[in-house]
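Visitor: Sequence and predicted structure, then a few things I'm wondering about:
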Amino acid sequence: MTDVIRGIGVSPGAAVGPVVQVRAPVRPPADEAPTTDAAATHTRVKEAFESVAVTLEERAATADETAQQILTATALIARDKGLQKSIGKHLATGKGPTTAVTAAVEEYAAQFEALGGYFAERVTDLKDVRNRAVARLLGVPDPGVPDFDVPSVIVAHDLAPAETVTLNPSMVRAIVTEAGGRTSHTAILAAQMGIPAVVQFAGATTIPSGTIVAVDGDTGEVTLDPSEEYQRELIGKRERRRSALAGSAGPGRTRDGHPIALLANIGGVDDAVSAAAQDLEGVGLFRTEFVFLSRDTAPTLAEQTEIYTKVFEPFGTRRVVVRTLDAGADKPLAFADLGPEENPALGKRGLRLSALRPDLLDVQLEALGVAAKATHAEVKVMAPMVATPEEAAWFARRVRENGLPSVGVMIEVPGAALLASHVLAEVDFGSLGTNDLAQYTMAADRMEGVLSDLLDPWQPAVLKVIGHACDGARVAGKPMGVCGEAGGDPLLALVLAGLGVSSLSMAPSKVPIVRFALSLHNMATCHGMATAALDSRTAVDARSAVLALAHEGLVALLD
Amino acid sequence: MATRIVTIASSVGLHARPASLFVQAANATGLDIEIGRPDEESVDATSILGVMALGARHGEQIVLTAEGDGADEALDSLVELLSRDLDAE
């Protein structure tokens, strides 16, 4: 039987392997029998928690150091006396065992969530313990990623970031999820690790474990029980792709020699070290949030300087574009809590937070200035969520005061895109954040997987806003780059080049195919593709119109 | 009853790795040990959830109390632990 269903390909590549289903947590049954003998039931509950603790300790014994610490701390939660006391109180009121466990955990979770920051993150561990204990009380297998010993295709409703990072990349052939979207954590992490991934794949969780599936991360196709022939074809495609890409190296340029810099998106020191080892021209987006999140107090000048130096160093004289702190109600900071917001995506985030807490920005800029002087990298600094020329001017002055020679702004608010000539007149460069720009142009929440179609960067309305911003950059005489996921789509990269973008920043695993795509097309073709995409009625029309103009060497690798 | 006052040296305060190490050490003593802020209600020092919910920050003074044989020695070793920057180790 060959059965093909299509999801959305979010990380390129092809793979065949057996399915490992990540099991969803089991909820307490709504009709759970009430507890009559509280003492006896509590003994059973304690045994369940003790067995969870033992399992976690066993896993800790074979894990690497970071995972070991997390697992040991989680085992302590499973043995927590305070938690058992609270469960005992709920059992005494007659609640069934799993209902009592859930209620007691909820109390702690609410307390931790209210504390925010690091504590809010520990809620994940607390709920992990709860899910395991509830599963054991009900006599079903533990939820989460089961142990597996052959390289497999991981299938889940959705993967939490914590689950994704515990996966061993050499054991994961591909990732398929039922939920998620183009810019979900799964998509970004899979691309970062170079693992093929498909999201929004209907019915993913109903595929039995062990089923052989073929996953095409470019087209989003997932084939159950693929024929030998299809497997050969897919593997053949992967090999063709490898050999085609192996022939392309060096700086990005179109066939007729127009330079389009190929850059990496990174989020930390490890990313920096691994990206710097690859054939790319630097960093187009260094997200600095990791320096600030999960902390109680603001990082000091010395701490920040050390981290930034470690990030810049590996790139030698290449460029590194740093985005200043992008936090807000959805990514709260314990030391800069501006209170909950009804609508965090439209709230006090990005540069707006910096305007309210300039002390945080000033320390960050000072640290960046010191680190830039201490290394040879061409450091550029840009602000997130800029909406007006006044904001751009305010930011530019602060950056230049710190001796940093190049300042830019992210163009992710449609208002700033429409006024790009004025906004960019205040700074040295612009960088299109296509994920947020699509979210704000189409009024569709990035975190809503079901709205993926609206967030498709091929939406002609989004492309028109991008085109307008590029026109503004030309008027201001300033370069414009792209640092959203759109830059890593080889076809869309050609359209962006045609619209006037001079650099593309993406997950490093996507650089080779984008370089290859550029090398096959003249700038005139890119202009033609841009016009065709802008004139289209729908996102699907736009992509097919551009595909029709693409070189067959690229088309062969895409479909 | 033995009592000690100690200043939290850990740069991130008493959670994450420091909390986990402290609770493991408290458990290892086998005694009833409580931890809290001066003049506030204390919590069971062997409960990781309780200790984390306390949210003791870097530089803050906290009180340890213990009962039973060897309480003084046990508290001395815990004080020594909390006086180190466990995160930096």
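Guide: Nice, I can see it.

Visitor: Which single helix of chain B contains the most residues?
Guide: Looking across chain B with DSSP state H, the single longest helix is helix B:16-29.

Visitor: can it be found next to chain A?
Guide: Yes. Contact of helix B:16-29 with chain A (CB under 8 Å from any CB of the partner chain) involves B:16-17, B:19-20, B:23-24. Heads up, the C-betas are built off the backbone N, CA and C, glycines and all.

Visitor: wait, what's in contact with the residue nearest to A:Gly528 when sequence neighbours are not counted?
Guide: Nearest residue to A:Gly528, sequence neighbours excluded (CB to CB, 6 or more residues apart in numbering or on different chains): A:Leu549, at 5.9 Å. Contacts for A:Leu549 (CB atoms under 8 Å, 6 or more residues apart in numbering or on different chains) come out as A:525, A:528-529, A:532.

Visitor: switch the cut-off to 10 Å
Guide: Contacts here follow CB atoms under 10 Å, 6 or more residues apart in numbering or on different chains; on that basis A:Leu549 touches A:491, A:494-495, A:521, A:525-526, A:528-529, A:531-533.

Visitor: Which of these fall within helices?
Guide: A:491, A:494-495, A:525-526, A:528-529, A:531-533.

Visitor: Would you reformat the residues you listed as TSV and include pLDDT, neighbour count and distance to A:Leu351?
Guide: TSV is the format used below for these (pLDDT from 0 to 100; neighbours: other CB atoms under 10 Å in any protein chain shown; distance: CB to CB, whole Å):
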residue	pLDDT	neighbour count	distance to A:Leu351
A:Leu491	96	21	32
A:Leu494	98	30	31
A:Val495	98	30	28
A:Thr525	98	20	37
A:Cys526	98	28	32
A:Gly528	98	18	37
A:Met529	98	26	33
A:Thr531	98	16	33
A:Ala532	98	19	35
A:Ala533	98	28	30
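
Visitor: Relative to chain B, which of those residues is nearest.
Guide: Chain B lies nearest to A:Leu491 out of the ones in helices among the contacts of A:Leu549, by CB to the nearest CB, at 44.5 Å.

Visitor: can you list the residues of helix B:16-29 next to chain A in CSV and add neighbour count and pLDDT?
Guide: Conversion of the residues of helix B:16-29 next to chain A to CSV gives the following (neighbours: other CB atoms under 10 Å in any protein chain shown; pLDDT from 0 to 100):
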residue, neighbour count, pLDDT
B:Ala16, 22, 70
B:Arg17, 16, 78
B:Ala19, 26, 88
B:Ser20, 22, 87
B:Val23, 27, 92
B:Gln24, 16, 91
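
Visitor: Identify the farthest-apart pair in these.
Guide: Using CB to CB, the two most remote members of the residues of helix B:16-29 next to chain A are B:Ala16 and B:Gln24, lying 13.4 Å apart.

Visitor: Give the intersection of the neighbour lists for these two.
Guide: Joint contacts of B:Ala16 and B:Gln24 (CB under 10 Å, 6+ apart) are A:Ala73.

Visitor: quick one, phi psi at the residue of chain B most remote from its centre?
Guide: The C-alpha centroid of chain B is most remote from B:Asp69, which lies 18.3 Å away (CA atoms, centre = their mean). When quoted as degrees, to the nearest 10, the phi and psi of B:Asp69 stand at phi -60, psi 130.

Visitor: which residues does it contact?
Guide: B:30-31.

Visitor: again, but for A:Ala469
Guide: A:Ala469 is in contact with A:411-412, A:414, A:416-421, A:423-424, A:430, A:432, A:437, A:480, A:499-501, counting by CB under 10 Å, 6+ apart.

Visitor: pull the CA atoms of the strand or helix carrying A:Ala104 into CSV?
Guide: Per DSSP states H and E, A:Ala104 falls inside helix A:97-115. C-alpha atoms of helix A:97-115 as CSV (Å, rounded to 0.1, in the frame of the first residue of the first chain):
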residue,chain,number,x,y,z
PRO,A,97,-6.2,9.2,42.7
THR,A,98,-5.3,10.7,39.3
THR,A,99,-7.7,13.6,39.9
ALA,A,100,-6.0,14.3,43.3
VAL,A,101,-2.5,14.1,41.7
THR,A,102,-3.6,16.6,39.0
ALA,A,103,-5.2,19.0,41.5
ALA,A,104,-2.1,19.0,43.8
VAL,A,105,0.3,19.6,40.8
GLU,A,106,-1.9,22.4,39.5
GLU,A,107,-1.6,24.2,42.9
TYR,A,108,2.2,24.1,42.6
ALA,A,109,2.2,24.9,38.9
ALA,A,110,0.1,28.0,39.5
GLN,A,111,2.4,29.1,42.3
PHE,A,112,5.5,28.7,40.1
GLU,A,113,3.9,30.4,37.1
ALA,A,114,3.1,33.4,39.3
LEU,A,115,6.7,33.6,40.3
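
Visitor: Perfect, I'm done here.
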